[in-house]
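**Student:** Give the three-dimensional model of this entry:
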Amino acid sequence: MSSVCLTPKETSDALIQSAVKKTSYLTLERLLLSIMAGAYIALGAQGFMMAYDNAFLRAAVFPVGLMLIVLVGGELYTGNCLMTFGLIQKKINIREYVLSLLQVLFGNLIGSLAVAVILYYGGIYNKPEMAEAIVKVAKAKVSLTTSQIILKGILCNILVALGVWLATTSKDTTGKLLGCWFPVMLFVFCGYEHSVANMFFLPLGAIMDNTISMLQILHNLVPAIIGNYIGGGLIIPVIYNKVYYK
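**Tutor:** Coordinates of the predicted model:
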């Protein structure tokens, strides 16, 4: 074992152990960690909005959300899709797996919405340019077709899952930060769909423009959740389980 970083096989072993730990949390613990993770992603998304006119800069600041989750603690749906490793290896059961993901998803929603409400009542979106930008982002997302959202969601969570993978591989803070930054920056720069970030963008956009309906929001969130699961919960763990354990 290297003193600098884990090998890919060692990292997958660590992800399996992480899945076991995640299912061991009490419901309240998991909910609190999930709320914080949703809030951290929303804070990264707000950084994205502040840098909206610069495509690279907005991609560069968004990964702060995942960095906070990895270093401070949090349960994020997109990253937790990697728990499939533990399921395939029979270290956790299907009930624990499904309940954990659903509870985390719910907590992420609460955290994202809380930050959106705080920012709205804090007056950040009283500025016309900010209101216009969030509405533009929200309308672009709800205008996508179901298949586009799913496919963009798959690509998004391949990269987010790999960001978690790289952070797990590293044994020092700098390595974990860089491991989070590169893959997440890339997915944002390319314009893929992250379900938890959209839990911030879409409700806030709807607050600013009432032509964005709840049905439109769900039309984005449900396929994004599915796409994210396929990318991070199936493609990455299933393929690498086949490589490292079969």
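**Student:** where does this structure dip in pLDDT?
**Tutor:** Along the chain, the parts satisfying pLDDT under 70 run over 1-3.
**Student:** tally of neighbours for Thr78?
**Tutor:** 33 (other C-beta atoms under 10 Å). Heads up, the C-betas are built off the backbone N, CA and C, glycines and all.
**Student:** ok, the nearest residue to it once chain neighbours are set aside - contacts?
**Tutor:** Setting aside the residues directly before and after it, Thr78 is nearest to Val160 in space (C-beta to C-beta, 6 or more residues apart in numbering), at 4.6 Å. By C-beta atoms under 8 Å, 6 or more residues apart in numbering, Val160 lies in contact with Leu66, Thr78, Gly79, Pro183, Val184, Phe187, His194, Asn228, Gly231, Gly232.
**Student:** Now do the contacts for the last one.
**Tutor:** Contacts for Gly232 were tallied using C-beta under 8 Å, 6+ apart; they are Thr78, Gly79, Cys81, Leu82, Asn157, Ile158, Val160, Ala161.
**Student:** Try it again at 10 Å.
**Tutor:** 77-84, 153-154, 156-165 (C-beta atoms under 10 Å, 6 or more residues apart in numbering).
**Student:** on that earlier part again, quick one: the residue nearest to Thr78 from Tyr245, how far?
**Tutor:** 23 Å (C-beta to C-beta, to the nearest Å).
**Student:** from the contacts of Val160, which single one is nearest Ala39?
**Tutor:** Leu66 (12.7 Å; C-beta to C-beta).
**Student:** ok, back up a step: I'd like the list of the contacts of Gly232 that fall within strands, please.
**Tutor:** Using DSSP state E, no member of the contacts of Gly232 falls in strands.
**Student:** where along the chain do the helices fall?
**Tutor:** 8-24, 27-50, 55-61, 64-72, 77-80, 84-88, 94-121, 128-142, 146-169, 173-190, 195-208, 214-229, 236-245 (DSSP state H).
**Student:** Counting neighbours, which of the contacts of Val160 comes out on top?
**Tutor:** Busiest of the contacts of Val160 [other C-beta under 10 Å] is Thr78, holding 33 neighbours.
**Student:** That residue touches Asn157, doesn't it?
**Tutor:** Yes. Contact criterion C-beta atoms under 10 Å: Thr78 and Asn157 qualify, at 5.1 Å.
**Student:** Need the overlap of contacts for those two.
**Tutor:** Joint contacts of Thr78 and Asn157 (C-beta under 10 Å, 6+ apart) are Gly163, Val164, Phe187, His194, Ser195, Ala224, Ile225, Asn228, Tyr229, Gly231, Gly232, Gly233.
**Student:** Identify the residue nearest the geometric centre of the chain.
**Tutor:** With distances taken as C-alpha atoms, centre = their mean, Thr78 lies nearest the centre of the chain, 4.3 Å away.
**Student:** Between the contacts of Val160, which sits nearest Glu129?
**Tutor:** Distances from Glu129 to these, taken by C-beta to C-beta, are shortest for His194, at 23.5 Å.
**Student:** Over to that closest one: give its phi and psi.
**Tutor:** Main-chain torsions, His194, degrees, to the nearest 10: phi -110, psi 120.
**Student:** Distance-wise, check it relative to Phe200.
**Tutor:** To Phe200, His194 is 10 Å away according to C-beta to C-beta.
**Student:** Which residues are in contact with each of those two?
**Tutor:** By C-beta under 10 Å, 6+ apart, the residues touching both His194 and Phe200 are Ile41, Gly44, Ala45, Gly65.
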